[in-house]
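Enquirer: One predicted model, sequence on top.
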Amino acid sequence: MDTTKSSAPPTTTRELRGLALYRDHGAEITHEGHGVYTVPGCGGGTYTVDLAVFGGEETCDCPDHARHPERSCKHIICATVYRATARAAARREQAARTKARASRASLAPLVALGG
Ligand SMILES: [Zn+2]
């Protein structure tokens, strides 16, 4: 691995911009289904991000991604963070539901006896 290259793009800046975009506009992201997200841009418009859940390349229709299709633009990073967060929330919700069901199930025999 060559770590001495100085021509590498400052990806951390892009990632930080993606995280900042999520922090400021994460609530405005909409999931269109099948890994496609509408992500707000800084200029007021929106961009369509496809996280390629069925394989292939992640895409975004912003000018930045058109110029550098080999890199994840901040909208793709933003959508990735959104998806990860939504999944974590869904897992927590699922765990809570399972737990509630389990406790109801363990009470069921008692309820049956009482009725
Ligand atoms: Zn983009």
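Expert: Done, it's in.
Enquirer: Could you pick out the residues of this structure near the ion for me?
Expert: Within reach of the ion by Cβ under 5 Å from the ion, the chain has these residues: 47, 60, 62, 65, 73, 75. Backbone N, C-alpha and C define where each C-beta goes, glycine included.
Enquirer: List the contacts of the third one.
Expert: Going by Cβ atoms under 8 Å, 6 or more residues apart in numbering, Cys62 touches 41, 47, 73, 75.
Enquirer: residue contacts, the residue nearest to the spatial centre of the chain?
Expert: By Cα atoms, centre = their mean, the mean C-alpha position of the chain lies nearest to Arg83, the distance being 1.9 Å. Contact analysis of Arg83 by Cβ under 8 Å, 6+ apart lists 31, 35, 37, 51.
Enquirer: wait, isn't the last one in contact with His34?
Expert: Put plainly, it is Leu51. No. Leu51 is beyond contact range of His34, at 9.1 Å (criterion: Cβ atoms under 8 Å).
Enquirer: What pLDDT does the model give Lys5?
Expert: With respect to pLDDT, Lys5 has a value of 52.
Enquirer: Ser103 too?
Expert: Note for Ser103: predicted pLDDT of 84.
Enquirer: how near is it to Thr48?
Expert: 42 Å (Cβ to Cβ, to the nearest Å).
Enquirer: Regarding Ala66, what is its secondary structure?
Expert: helix (DSSP: H, G, I helix; E, B strand; the rest coil).
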